[in-house]
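Chemist: pasted the sequence and its predicted model underneath.
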Amino acid sequence: MNQLMKRKSRGDIWFDIFNYVLLSIVMLLVLFPLYFVLIASFSDPNYIYSGEVWLFPKGFTLDGYERIFNDSSIWIGYANSILYATLGTIIGVAVTVFAAYPLARKDLVGKSAIMWFLMVTMFFSGGLIPTYLLIKDLHMLNTIWALVIPGAGGVFNVIIVRTFFQSSIPDEMWEAASIDGCSNTRFFWSIVLPLSKSILAVMVLYHVVGFWNGFFDALIYLNDESKYPLQLVLRNILVQNQVNSGMMIDVESYAAKMRVTELIKYGVIIVSSLPLLMLYPFLQKYFVKGVMIGSIKG
Amino acid sequence: MNSLFKSAGIVVLAGAFVLSGCSGNGNSGKGSNNQANSSVQDANFNKTGLPIVNDPVTIKMVSPKAALAPVFSEMEIFKRLEKETNVKIKWENIPDTDYAEKKNLLIASEDLPDAFYAAGFTDYELINYGKDGTIIPLEDLIDQYAPNLKALLERRPDIKSSITAPDGHIYGLPSWEDNNLGTNPFFHVINKSWLDKLGLKVPQTLDEYTEALLAFKTQDPNGNGKQDEIPLSFMHMQWCMDIAGIFGAFGLPDNLEHRVVRDGKVIFTANQPEYKEALKYFNEKWYKQGLIDPESFTQDAAQYLAKGKTKDETLGSYIWWEIEEVVGTERSKDYVLLSPLKGPNGDQTIGRANGGGPGRAAFVITKEDKNPEITMRWIDQQYEPYMAAQIHWGPLDVVFKKDENGKLVNLPLPEGTSAGEFRQKVAPGSGGPGVITFEDFGKVVDMEPRAQQRAKDLEQYYNAYMEKENYPSIFFEPEELDKINKIEPELIKFVNTQRGKFIVDGNVDEQWDSYVKTLEKMGLNELMEIYQTGLDRYNANLKQ
């Protein structure tokens, strides 16, 4: 240990110090906005806007959270979001993987035609109104299926997963397995999937984040408030207090509304991102691996 | 092989017969059903009196709702209406922020309800959807089935003329609280306790006002030893927080549209000499001396409101809808309203806000509606003045009670809610159908206390100096709207940016000519012509 220390030259030490300082600053830059949102959610909005809040909450108040949690729809929204994210992720990841694996195999007949067909959908979509009509004709309006089915199996994800399979599951492996009498199905379940945990984790994270943050589909396809996902509920709580200056007469609560909006704005961010912040560390190690692996094996 | 094809053919044919048979049956069944329906309906429908139908009929309606509001079917007021009329409404409520988007989607995909409630269609939409038959003309229905509305339109030709489309049809029903509270949105406030402290009197002229601002800045009126006073703060070109009113000291008040009317002539303010003088004054006397809060050009309402509530009092003068909201009730006694200031040439005037007519699209009926007469009778209930007041503010026994004269008076609010919040929860609110006319206030329903205070303030400080005319809310032809939409947004954006620049950077004299030329290039003259034509048409209609 001592020897190691001695071997470090003066320059090395300065270099280390410089590195630590720089990285600490970068870390602070990244962390501070998060921290600020947290303390701002406990502070009186007037202090926030006069710039007096920066290290500790000032004018401590729980009004924002009280309002957010008093709204019973928020719990319904939470439950809905968890349901949509779970179901949507299962369907989405399954479709993606099932589509990607055959496309990664050299012996699939008509591979390029299928790929071409899929690629077209990346560049041309039906547009909002035809899609809406399709969902309506499928009788999926105002059901959970309108949220989890149409988005399942994004082509972009299929390509990522296919590339992963191509680069990390060599053909020789299939040859060896099939000589030993392994069927395609068995090979997929017993060999390919266990070797692909990292890309599966990436896909899970992509889908969960997508479903968790998505509100537009719900906005378009759902009418029933009891089916709203969390993001839409929060959006409604937030905009309920936003002021429309077009309404000349109904001005009386302008300031009251502004205050409440400011109060709950930060609380809403915390409430809605907490689950993902908690989920992320568990998936993060796979995430790095899954994304890196393509570049290493190239 | 041959026989195989043959038998296949027979199967297909047989299948076709079965199918056509089925569909034939289905059709005839449907037809007779329809007939049965309509004959039942005739017996079911009452032309006058309540209930409107003997057996419940369901009508599908789409409506925006405030996010605080419950689904309309849960609202007390609509439950009562359903009980009285036997008309069951199947509501599809869309949060008001997403309404425009979803409404367009529903119409574009022909997924139409029977009616849109609190519909908020633009003039453009009213005319175009009226033309292509998506929504139906209502004047005959009003004539036959809407006694309340009919009486209102006969009593008030101005309301009728403003909801009648240029093609002569009425596509949307009116919504209005006829109370004149918005005539001058810019209430100009000054810190009286600072004036007293510094030995100044309440400014009457623009120069006295400037002196006062300068004293605020330099003489530390809040006594904390720091120069943290903000002499004047406002929000550039924002609804009730702009300095547009102060332009009146130079003879021609400005407004957010930069459009005023004098003797029936439309004037664009932002290229007039008075406007130029005002800009020069604001730059030289105010901005250069640091009397204007530089954030006035960028801040949003939250920041602005926070400035009135700092620990030490820092706000000297500001503009807002009322005193209390900016500085809070405690501090509001330090502040007073300013009447329009007398300008360097003795001008003293304040603008009158444009528009201010009834909303035209509180209710539209679509072509899908099989029972337009039932729908019309249902909606007409809400044009009875007492009902209109309840639709706008909330139901009897919840928000109002009737006093001995039969007038609706406010019940105390539930603990911990503001009037605005409560209103959202119990009623469709100000965008909903129903008209509360000027005569109804005081007779049918009281204004809210704050509205009464505002009416008093307007009377005391502003009405005497107010411009006589404004630009009314006019129903334009689609081609005119096209042109307006093409020219105006860019033009106004340019004018507003320049206004900010002139006040901050000065150089008004040097750049004025090129500024005016740019406006002309952008189509100012054409735009003003359209507005003039619209106004002439409106005035001609009124005289008829």
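Modeler: In hand now; what should we look at? Predicted, not measured: the structure shown is a model, and the values here were computed from it.
Chemist: residues near A:V30, how many?
Modeler: Using other CB atoms under 10 Å in any protein chain shown, the number of residues around A:V30 comes to 9. For the C-beta atoms, the positions are set from N, CA and C on the backbone; glycine is no exception.
Chemist: how close does it get to A:F36?
Modeler: In this structure, A:V30 and A:F36 are 12 Å apart, going by CB to CB, to the nearest Å.
Chemist: again with A:V288
Modeler: Here A:V288 is placed at a distance of 27 Å from A:F36 (CB to CB).
Chemist: ok, these two, which is more surrounded?
Modeler: For the pair A:V288 and A:F36, the greater number of neighbours falls to A:F36 (16 against 12), based on other CB under 10 Å.
Chemist: doesn't A:W54 make contact with the more buried one?
Modeler: Yes: counting by CB atoms under 8 Å, a contact exists between A:F36 and A:W54, whose distance comes to 7.3 Å.
Chemist: residue contacts, B:P433?
Modeler: Listed by CB atoms under 8 Å, 6 or more residues apart in numbering or on different chains, the contact partners of B:P433 are B:Y117, B:A118, B:L173, B:P174, B:S175, B:A362, B:F363, B:I379, B:Q382, B:Y383, B:A388, B:I391.
Chemist: just the pLDDT for it.
Modeler: Among the per-residue scores, B:P433 holds a pLDDT of 92.
Chemist: and if you look at A:H139?
Modeler: pLDDT at A:H139 comes out at 92.
Chemist: so which strand or helix has it?
Modeler: Taking DSSP states H and E as the definition, A:H139 sits outside all helices and strands.
Chemist: and it, how far from B:Q424?
Modeler: 33 Å.
Chemist: how much space separates the residue lying closest to B:N191 once chain neighbours are set aside from A:D180?
Modeler: Ranked by CB to CB, 6 or more residues apart in numbering or on different chains and with sequence neighbours excluded, the top spatial neighbour of B:N191 is B:G316, at 5.1 Å. The spacing between B:G316 and A:D180, counted by CB to CB, is 88 Å.
Chemist: with B:K370 instead?
Modeler: Distance of B:K370 to A:D180, computed by CB to CB: 70 Å.
Chemist: ok, these two, which is more surrounded?
Modeler: When B:K370 is set against A:D180 and neighbours are counted by other CB under 10 Å, the residue ahead is B:K370, at 13 against 7.
Chemist: could you report the pLDDT at the nearest residue to the more buried one once chain neighbours are set aside?
Modeler: What sits nearest to B:K370 in space, not counting adjacent residues and going by CB to CB, 6+ apart, is B:D114, at 7.6 Å. pLDDT for B:D114: 96.
Chemist: again with the one 5 residues further on
Modeler: As predicted, B:A119 sits at a pLDDT of 91.
Chemist: same thing with A:V291?
Modeler: pLDDT, read off for A:V291, is 61.
Chemist: same check, this time on B:M1
Modeler: Confidence for B:M1, expressed as pLDDT, is 42.
Chemist: repeat for the one 10 residues further on
Modeler: Taken from the predicted model, the pLDDT recorded for B:V11 is 45.
Chemist: picking that back up, contacts only, for the residue nearest to B:N191.
Modeler: Under the criterion of CB under 8 Å, 6+ apart, the neighbours of B:G316 are B:I190, B:N191, B:W194, B:A212, B:L213, B:F216, B:K217, B:P221, B:E229, B:I230, B:P231, B:L232.
Chemist: from chain A, how far out is the residue most central in space within chain B?
Modeler: The residue at the geometric middle of chain B, judged as the C-alpha nearest the mean C-alpha position with CA atoms, centre = their mean, is B:G359 (7.2 Å). Taking CB to the nearest CB, to the nearest Å as the measure, B:G359 and chain A are separated by 10 Å.
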